[in-house]
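Colleague: below is the sequence, then the predicted model.
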Amino acid sequence: MKQFEAFPEIEAYWQSLDDCQEELIELVMQAYISKTLKIEIEKDISPKCVDNIVRPGFIALEGKMLYFINKQLFLYITSHLLIRDRILAIWEDKNSFVGILNSLYLEASDFEQLKDLNICIIILLNNEYNRNVCKWLSSLTPDSKELFWPIYPFFIKALPYLAMDKGDLVEALERAQNFLKNDYASGEIFKAVEKLSSEQPEFAEDLYDFLILEPESDKIFFIPTIMVGLSHPLGLEVIWRQGLQLINQENPRLTQVGISALGSFDYSGESQKPLLEETLHQFERMLLSQNDAILGALAHGFGNLLNYTERASEFITILSEKNIAPVQYEISRILFLKADLHCGEDWFTESFKNLSSVKSTYQGIVQNIRHCLYGCLKSNPDIVISFIELWIENRDYGSDQEPDISAIFGNIIQNLRKQHNQSFEKLLTRWFNSDNSKLHIGAMHVIRELIVHERMPDLKLSKEVLDTLAYRDVEFIASKILGYIFEGEYLCSLLFSILQRTPNNENINSLVTELFNDYVTFNYPRAAREHLSRYSQNGTEVERTVASDILKQLDYYQNLHSDLPRLREFEPPERRAQYFKIGKHKKFSKQIQKGAEDKSVVTVQFPF
């Protein structure tokens, strides 16, 4: 927020008003209440004060209206007024303080000029009223989420402009990190520290020296952010050499910090090309490291360097071959972020396929893979299909230890079917024709996903693939469909779609007819009749002929079945048993009624 850099000028303007400060305060209060930056001059404001208040760049006079040109001035004075009148008295009461911030935020929601009011209040409280905001934050207990989250968005935006002790800041950052674990908002605090380092370089250098003394603490992972911020005021080359020294430290955690810093710098300028080349060289040298955390940091760094050089993609592909969780996470993150731009490129495809062996229990990596698949689905469905296929093949799929692909990629499968049905049909046809039983199980799970979440039973095999297959392959596919699909509508649709194959072959027609007559119509007569009836009227000539023949056989079978005498074992029970129960119930009801009409035992023994 650049506007807060103007506070020294505003403070100088404020001090120059002398006896007219109260008049300006009155004007600001009117503007705050009416939510406008134009205020009519009241009669009790002296012309001398008007002349003193009106100043180029701050307040303008338009007829009888004063106009706040400098919106920061309005925000600054409003914040002072609110701090004095409403906040100082309740500062120690954390609940009340957060309540006021929430209230002010809601008040400012319909007045654009007050959107940064709480940020300004925090800066002024800390810098001019000696209220240590960092200590306030670090004093929160771990179960105080209801106090942390309302103030956090304003704290991180105010942070670059706070005057503070480095120890207090570190404690506040640690407390914030505890609240931010596994939260997407955690990245914002690093951006705030980077901005702080850029705005207050001397303080940032002291903070760097303070943090680096404890390399075993997680606090050191703020160092790369500090170095990126310092690279703006001090120059990239100076800070870059500092990062180069870190990667050569014996402590692997300092090496990791140095890699993160070198991989995060801005190398977009032409003068930075030599530094970029040397960074690539140093990173390539470190690929031989046996430290998982260092390799993960390298993967992250190469992902950032991809913004400046295509050479980084070579090393990303190399790292993607390593079966190391920190590396796999960073690769999955890179591919997710780059999917829109690079999906389909050789390095991307190769790196993505290498992730197909990731353990399904690594939820963070799997989530990134899902995002990546979504990113590629629209423009490149083939890479999505290839990945899911490799995912099945590269694990003990079908065992109790591995979840179904429908549980992991269910929504992607549904969208693949809707957006790229022809590719989806090819997938099923190839999987049923595979010698790998894992893919047969995968096909079953894919169809089960469709059965549960959509009603599109007209699912077919791919004609394009069927046309390339010999009769024995088609027969093999049919056997797998019969063995793995148990839902009548989908079973009928898949088997009947075999007739799409060209050129037409009488053996194929006979195969479909026999499968329906011997199995499908016997086990799923209603589904078979509904499906065949549609094609007997609206199908191709071959489909109409085969459907009619099967329906005739189905009619013949059902007629014979209906003419068979019913076995006594299947007859409903005789009504005599029912009549007996009714009679017994009536007798019991009469006994109850008779008992109610007689006198009770008590009245007989003790007459009143």
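Modeller: Structure's in. What do you need?
Colleague: residues contacting the nearest residue to D110 once chain neighbours are set aside?
Modeller: Distances taken as C-beta to C-beta, 6 or more residues apart in numbering put K35 closest to D110, at 7.2 Å, once the chain neighbours are dropped. In short, each C-beta sits where N, CA and C put it, glycine included. Counting by C-beta atoms under 8 Å, 6 or more residues apart in numbering, K35 touches 110-111, 114.
Colleague: rerun at 10 Å
Modeller: K35 makes contact with 107-108, 110-114, according to C-beta atoms under 10 Å, 6 or more residues apart in numbering.
Colleague: so which of those is the most crowded?
Modeller: Sorting the contacts of K35 by how many neighbours each has (other C-beta atoms under 10 Å) puts L114 first, at 21 neighbours.
Colleague: ok, the residue nearest to that residue when sequence neighbours are not counted to K378 distance?
Modeller: Of all residues not flanking L114 in the chain, A108 sits nearest, at 3.5 Å (C-beta to C-beta, 6+ apart). With the distance defined as C-beta to C-beta, to the nearest Å, A108 ends up 40 Å from K378.
Colleague: equivalent analysis for E171, please.
Modeller: 47 Å.
Colleague: which one of the two is surrounded by more residues?
Modeller: Applying other C-beta under 10 Å to E171 and K378 shows that E171 carries more neighbours, namely 17 against 13.
Colleague: test my guess that that one contacts N178.
Modeller: No. Applying C-beta atoms under 10 Å as the test, E171 and N178 come out as separate, 11.0 Å apart.
Colleague: so after whichever helix or strand F302 is part of, what's the next helix or strand?
Modeller: In the assignment (DSSP states H and E), F302 maps to helix 292-305. Next along the chain after helix 292-305, taking DSSP H and E as the criterion, comes helix 312-320.
Colleague: list the buried residues of that next one.
Modeller: 312-313, 315-320 (16 or more other C-beta atoms under 10 Å).
Colleague: quick one: those residues as CSV, columns for pLDDT too.
Modeller: Below are the buried residues of helix 312-320 laid out as CSV (pLDDT from 0 to 100):
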residue, pLDDT
A312, 96
S313, 96
F315, 97
I316, 97
T317, 96
I318, 96
L319, 97
S320, 96
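Colleague: TSV for those, including distance to I412?
Modeller: Output for these, formatted as TSV (distance: C-beta to C-beta, whole Å):
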residue	distance to I412
A312	28
S313	25
F315	28
I316	23
T317	24
I318	27
L319	25
S320	20
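Colleague: average pLDDT for whichever strand or helix holds H232?
Modeller: Following DSSP H and E, one finds H232 within helix 223-234. Mean pLDDT, computed over helix 223-234, is 96.
Colleague: and the angle from that helix to helix 292-305?
Modeller: Here helix 223-234 runs at an angle of 40 degrees relative to helix 292-305 (axes from the mean of the first three to the mean of the last three C-alpha atoms, to 10 degrees).
Colleague: helices or strands up against helix 223-234?
Modeller: helix 186-199, helix 201-211, helix 236-247, helix 252-262, helix 292-305 (3 or more C-beta pairs under 10 Å, 6 or more residues apart in numbering; DSSP states H and E).
Colleague: starting at the chain centroid, how far to the helix or strand just after the fourth one?
Modeller: As assigned by DSSP H and E, the chain's next helix or strand after helix 252-262 is helix 273-285. Helix 273-285 has its average C-alpha position 33 Å from the chain's average C-alpha position, going by C-alpha atoms, centre = their mean, to the nearest Å.
Colleague: which parts of helix 273-285 are buried?
Modeller: Quick answer for helix 273-285 (16+ other C-beta under 10 Å): 275-276, 279-280, 282-283.
Colleague: quick one: secondary structure of E214?
Modeller: What DSSP: H, G, I helix; E, B strand; the rest coil gives for E214 is coil.
Colleague: wait, it touches F221, no?
Modeller: No. Counting by C-beta under 10 Å, E214 does not reach F221; the two are 11.5 Å apart.
Colleague: K181 - that's part of a strand, no?
Modeller: No. Under three-state DSSP, K181 falls outside any strand and is assigned coil.
Colleague: send me stretch 200-214 as CSV with only the CA atoms.
Modeller: The C-alpha trace of stretch 200-214 is given here as CSV (Å, rounded to 0.1, in the frame of the first residue of the first chain):
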residue,chain,number,x,y,z
GLN,A,200,12.7,-0.9,5.3
PRO,A,201,16.0,-2.4,4.1
GLU,A,202,18.0,-1.5,7.2
PHE,A,203,15.5,-3.3,9.4
ALA,A,204,15.4,-6.2,7.0
GLU,A,205,19.2,-6.6,7.1
ASP,A,206,19.0,-6.8,10.9
LEU,A,207,16.2,-9.3,10.7
TYR,A,208,18.3,-11.4,8.3
ASP,A,209,21.2,-11.5,10.7
PHE,A,210,18.9,-12.3,13.6
LEU,A,211,17.2,-15.2,11.8
ILE,A,212,20.2,-16.8,10.3
LEU,A,213,21.7,-17.4,13.8
GLU,A,214,19.1,-20.2,14.3
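Colleague: and it, what's its mean pLDDT?
Modeller: For stretch 200-214, mean pLDDT rounds to 95.
Colleague: off-centre distance for it?
Modeller: On C-alpha atoms, centre = their mean, the centre of stretch 200-214 falls 34 Å from that of its chain.
Colleague: which residues does it contact?
Modeller: By C-beta under 10 Å, 6+ apart, stretch 200-214 touches 160-167, 169-170, 173, 193-194, 196-198, 217, 219-223, 225-227, 229-230, 232-234, 239, 242, 246, 249, 253-254, 257.
Colleague: the helices in the stretch 1-150 of the chain, which residues?
Modeller: 7-15, 21-34, 47-53, 71-82, 94-107, 117-128, 133-138, 145-158 (DSSP state H, counting those that start in this stretch).
Colleague: which residues are in contact with the second one?
Modeller: Where contact means C-beta under 10 Å, 6+ apart, the residues beyond helix 21-34 that reach it are 13-15, 17, 36-42, 44-46, 48-50, 52-53, 58-59, 66-68, 73-78, 80-82, 85, 107-108, 111, 113-114, 117.
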